[in-house]
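Student: 3D model of this:
(2 chains)
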Amino acid sequence: MSTTPLVPPQSEVKKNYLNAGYGIKSWLLTTDHKRIALLYLASITFFFLIGGLFALLIRLELLTPAGDLVTSETYNKLFTMHGVIMIFFFLIPSIPATLGNFLVPVMVGARDLAFPRINLLSWYLFVIGGVLAIYSMMAGGVDTGWTFYTPYSSVYSNTHVVVMIIGIFVAGFSSILTGLNFIVTIHTMRAPGMTWFRLPLFIWSNYATSLVQILGTPVVAITLALVAIERVFKLGIFNPTLGGDPVLFQHLFWFYSHPAVYIMVLPGMGVISEIISAFSRKRVFGYEFVALASIAISILGFLVWGHHMFVAGESVYSALSFSFLSFLIAIPSAIKVFNWTATLHKGSISFDTPLLYAFGFIGLFTVGGLTGLFLASLGLNVHVHDTYFVVAHFHYIMVGGTVMAYMGGIHYWWPKISGRMYPEGWGRLSALLVFVGFNLTFLPQFVVGYLGMPRRYHAYPPEFQIWNVLSTAGATVLGLGYALPLIYFFWSARYAAKAGPNPWGASGLEWQIDSPPITENFEVTPVITGPPYDYRKVLPQEEPVG
Amino acid sequence: MATYFPFLPEQGSRFATGVDTFYFSMVGLTIFFASLIFALILFFSVRYRRRSPREIGADIHGSLPLEIFWSVVPLVIVLGIFAWATELFFTRSNPPANTYDVYVAAKQWMWKVQHPEGISEINELHVPAGRAVKLVMTSQDVIHSFYLPIFRIKQDVIPGRYTSQWFQADKPGKYHLFCAEYCGTNHSHMTGWVHVMEPRDYQHWLSQAGIGTSMVAAGEHLFTSLGCASCHVRDCPPLQGLYGSSVALQDGRTVFAGEAYIRESILAPTAKVVRGYRPIMPTFQGQVSEEGMLQLLAYIKSLAGEAPGKVQK
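Tutor: This next block holds a predicted model:
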């Protein structure tokens, strides 16, 4: 470049995907996976805030035993919409559609996903689904619970069920398309030398997730369509007075919605593997076992749906089989936790915000997983099924697990995404607040659940109050913990120090390119010569270690 | 302390005690593993904290023996848990012989309970202590769930079919009854009380509650008024000895004549036609309430001990 004098002196601002184009069109018509990731990031943050607001109102109502803040009708709509928004419009897209979209092509050494325009289409489908969901809320809401159990949803509820179902149906296709794109990309667009066992674990876990997305989502789409058909055309599918079977709905619904739990948590496990490795500067212990555990979880995940129905009239022997398979799926999860812990052994550990979130994930996911064993236990499930024990358990997995990983991942890759560091002190404080607030919110719910408080109760007997007060107090702290990053991320995008390509001394391909990356990700297609997580290459040691 | 921070519902049956023992073992296991992971992370974090900016960790790939160790040990543990929990479940799912049967019809948003003696109550369930009570339940509209935390049992109550659960209360008292399956606007008000009474007090309560028509008698009355009796003495399959037997069907199948079969035969008679008979019975869909259906059921069950062919009424 220095040989061509006519070129003006290099400007301060280097070219990257953020300054590659300005104006609304450059965003809404982009096919750059990184920009689409940001579109998703903005959309799901919006839905997280709405869903969080509903959660806050639920917790306020439950501060007192009497149903005095809102009416029962409103309360039922609040928990329904909290569930629908958080699951279908936040948790399911959370890590894959944002961090996955941003990182999958980079981590395999590609310029973009295999189908960039389908990727954009998936975001538009998500937005259309979201708009329909919001419309159904503004028109008066839905009161079926996010589970849409028949015949209540298909015959008895007088709320806007059909619009909400169409919204979820459309958003489901965005999830299918993202999964499809990831699978094709991971199969066909890996850089030279990037063999399967050189892939970062984040890729393995997103691959496993994508399998579930494309195989499971069509089933829930069909099932919800059947509910809408029964509602509109009065066909007897699930309605027993027309010869339908209400329990059939539960089988079909959980055939997707149990694997959906793994859609939510598997990508989080991938994030944790990356963070633990980067902040201990050490290979992930037992890489192959961690990778294959993801695949095992995604397969076994399809075989355990009946554990939602132990008291729903399922036969004793099918309950027995589903219980057994549910115990088996604990093993690959345990393998991951043990391997993450072992990775820290003889590492070089630095306590930055992402690692604090990752530690939070491991602790909360461990409790969530172990309490999952309580629920897989037939004799005990009968008592705690449909109580706050279940509510606490799945929040440990989905919030304690997935959201912790999501927050950790956003902090970890924020320098790459924005080109700037976030404020470390505030980051650590947020991780601490989230961890403390989370436990204060949900530990009491295990107790009140075992005491017998059913879920979805607007009013409850006074002896349950103390635990509900603690839970609401915790939710306040938790809300504060989530508000902090929202503020400092906005601040940091403009004012914080520049990050440079590799602020953590991490090993992934994404840390070998600019922050923020150029639109094409790589100036030259990388050639991979060794396994991932080789920190000797990133930080050559002058003399032998130890 | 325990009054302000209750952490365990009262134990109202031997089964409840069994469930609690299991629960505390699981809590112990959870605390053990969570502490183990926590302690390891804490220890490694302090011991191996980064001491210089360019320091890297040791180059360790993994260990097959360790992987086997921490796969097999949890597997053995969960198999043990599975066996223990399943044994509890079998107890819960298999009522002893000669239970005292109480019938429950659920609707938005109340529980209608019928005792065999004919007494009905709403959102209350009076039962004698020391006797195995079986609840035979169905719903008139959506799915509900009959939940008695004191006994650590619940069972979904489903429209269009019968489900059941049983318990044997061991001490008198007044305890919560909840609907545990979300059923619409007043779900959280679909609650009530179970009153466990000394058998003597229970008998007293029954006699105080007034002389009702027993469920069998009410069922027999319904049987006659619906015109069933005119057929079921001659041209139709006999009902004596039917309940609990095996029935050979026209299409070659054999079905167990339980509650579900009897219900289906009343509402959709042509679905399963008994061998040697023509499908001439009309449907009674819409003509019998769920409570009436339970009375018919009680009546047909009462004929179980009689020899087929005996002319009735």
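
Student: so where's the chain uncertain?
Tutor: Picked chain A for this. A:1-12, A:543-546 (pLDDT under 70).

Student: um, chain B though
Tutor: For chain B, the ranges with pLDDT under 70 are B:1-4, B:210-211, B:234, B:307-313.

Student: could you pull out the helices for the stretch 1-150 of chain B?
Tutor: Assigned by DSSP state H, counting those that start in this stretch, the helices in the stretch 1-150 of chain B fall at B:14-47, B:64-93.

Student: identify whichever of the ones you listed lies nearest to chain A.
Tutor: Checking these against chain A by Cβ to the nearest Cβ gives helix B:64-93 as the closest, at 2.5 Å. Backbone N, C-alpha and C define where each C-beta goes, glycine included.

Student: now for that closest one, which elements pack on it?
Tutor: When contacts are defined as 3 or more Cβ pairs under 8 Å, 6 or more residues apart in numbering or on different chains; DSSP states H and E, helix B:64-93 packs onto helix A:316-328, helix A:330-344, helix A:353-376, helix A:378-384, helix B:14-47.

Student: generate CSV for these, with mean neighbour count and distance to residue A:224 as supplementary columns.
Tutor: Listed next are those as CSV, based on neighbours: other Cβ atoms under 10 Å in any protein chain shown; distance: least, Cβ to Cβ, whole Å:
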stretch, mean neighbour count, distance to residue A:224
helix A:316-328, 19, 23
helix A:330-344, 23, 28
helix A:353-376, 25, 25
helix A:378-384, 26, 26
helix B:14-47, 16, 35
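
Student: so which of those gets nearest residue A:531?
Tutor: helix A:330-344 (14.4 Å; Cβ to Cβ).

Student: hmm, who's touching that closest one?
Tutor: A:269, A:272-273, A:276-277, A:280, A:282-286, A:289-290, A:293-294, A:296-297, A:300, A:358, A:362, A:365-366, A:369, A:372-373, A:376, B:37, B:40-41, B:44-45, B:48, B:62, B:66-67, B:70-71, B:74-75, B:78 (Cβ atoms under 8 Å, 6 or more residues apart in numbering or on different chains).

Student: count of neighbours near residue A:26?
Tutor: Around residue A:26 there are 12 other residues, counting by other Cβ atoms under 10 Å in any protein chain shown.

Student: how close does residue A:500 sit to chain B?
Tutor: As for residue A:500, its distance to chain B is 14 Å (criterion: Cβ to the nearest Cβ, to the nearest Å).

Student: surely that residue is in a helix?
Tutor: No - judged by DSSP: H, G, I helix; E, B strand; the rest coil, residue A:500 forms no part of a helix; its state is coil.

Student: what about it, how many neighbours?
Tutor: Residue A:500: 12 neighbours (other Cβ under 10 Å).

Student: spatially nearest residue to it (excluding sequence neighbours)?
Tutor: Counting by Cβ to Cβ, 6 or more residues apart in numbering or on different chains, residue A:515 is the residue found nearest to residue A:500 once chain neighbours are left out, at 6.4 Å.

Student: check the secondary structure at that neighbour for me.
Tutor: Residue A:515 - assigned by three-state DSSP - is coil.

Student: enumerate every residue touching whichever residue of the stretch 151-300 of chain B sits closest to chain A.
Tutor: Minimum separation of the stretch 151-300 of chain B from chain A (Cβ to the nearest Cβ) falls at residue B:160, amounting to 2.9 Å. Listed by Cβ under 8 Å, 6+ apart, the contact set of residue B:160 reads A:240, A:241, A:245, A:246, B:138.

Student: any part of stretch A:221-230 near chain B?
Tutor: No - using Cβ under 8 Å from any Cβ of the partner chain, stretch A:221-230 never reaches chain B; the gap is at least 13.3 Å.

Student: hang on, the earlier thing: are any of the contacts of residue B:160 buried, and which?
Tutor: Buried subset of the contacts of residue B:160 (neighbour count, 16 or more other Cβ atoms under 10 Å in any protein chain shown): A:240, A:245, A:246, B:138.

Student: take these and keep only those in strands.
Tutor: Among those, the ones falling in strands (DSSP state E) are residue B:138.

Student: return the member of the buried ones among the contacts of residue B:160 nearest to residue A:315.
Tutor: Among the buried ones among the contacts of residue B:160, and counting by Cβ to Cβ, the member closest to residue A:315 is residue A:245, at 14.1 Å.

Student: which residues touch the closest residue to that closest one other than its chain neighbours?
Tutor: Nearest residue to residue A:245, sequence neighbours excluded (Cβ to Cβ, 6+ apart): residue A:238, at 6.4 Å. Contact analysis of residue A:238 by Cβ under 8 Å, 6+ apart lists A:150, A:151, A:154, A:226, A:227, A:230, A:244, A:245, A:246, A:248, A:249.

Student: surely the last one meets residue A:225?
Tutor: No - here residue A:249 does not reach residue A:225: they are 12.0 Å apart, not a contact under Cβ atoms under 8 Å.

Student: neighbour count: the two, which is higher?
Tutor: residue A:249 (26 against 13).

Student: distance of the more buried one relative to chain B?
Tutor: 10 Å.

Student: Three-state assignment for that residue, please.
Tutor: Strictly by three-state DSSP, residue A:249 counts as helix.

Student: count of residues packed around the closest residue to it other than its chain neighbours?
Tutor: The shortest distance from residue A:249 to any non-neighbouring residue, by Cβ to Cβ, 6+ apart, is to residue A:150 (4.2 Å). Residues near residue A:150, counting by other Cβ under 10 Å, number 31.

Student: wait, a strand at residue A:150?
Tutor: No - counting by three-state DSSP, residue A:150 falls outside a strand, being coil.

Student: contacting residues around it?
Tutor: Contacts of residue A:150 (Cβ under 8 Å, 6+ apart): A:227, A:230, A:238, A:239, A:244, A:246, A:249.

Student: could you rerun that using 7 Å?
Tutor: By Cβ atoms under 7 Å, 6 or more residues apart in numbering or on different chains, residue A:150 lies in contact with A:227, A:238, A:246, A:249.

Student: quickly note the distance from residue A:141 to residue A:44.
Tutor: Counting by Cβ to Cβ, to the nearest Å, the gap between residue A:141 and residue A:44 amounts to 21 Å.

Student: show me which of these two is the more surrounded one.
Tutor: Shown here are residue A:141 and residue A:44; by other Cβ under 10 Å, residue A:44 has more neighbours (24 against 17).

Student: show me what contacts residue A:129?
Tutor: Per Cβ under 7 Å, 6+ apart, neighbours of residue A:129: A:167, A:168, A:170, A:171, A:174.

Student: any idea which element it lies in?
Tutor: helix A:116-138 (DSSP states H and E).

Student: measure the closest residue to residue A:484 other than its chain neighbours to chain B for me?
Tutor: Once flanking residues are discounted, residue A:484 sits nearest to residue A:430: 4.2 Å by Cβ to Cβ, 6+ apart. Separation of residue A:430 from chain B (Cβ to the nearest Cβ) stands at 19 Å.

Student: can you pull the domain assignment for chain B?
Tutor: Here the domain assignment for chain B is B:100-209, B:215-302, based on automatic domain parsing.

Student: so which of those is the most packed in?
Tutor: With neighbours defined as mean count of other Cβ atoms under 10 Å in any protein chain shown, the domains of chain B peak in mean count at domain B:100-209, which reaches a mean of 21.
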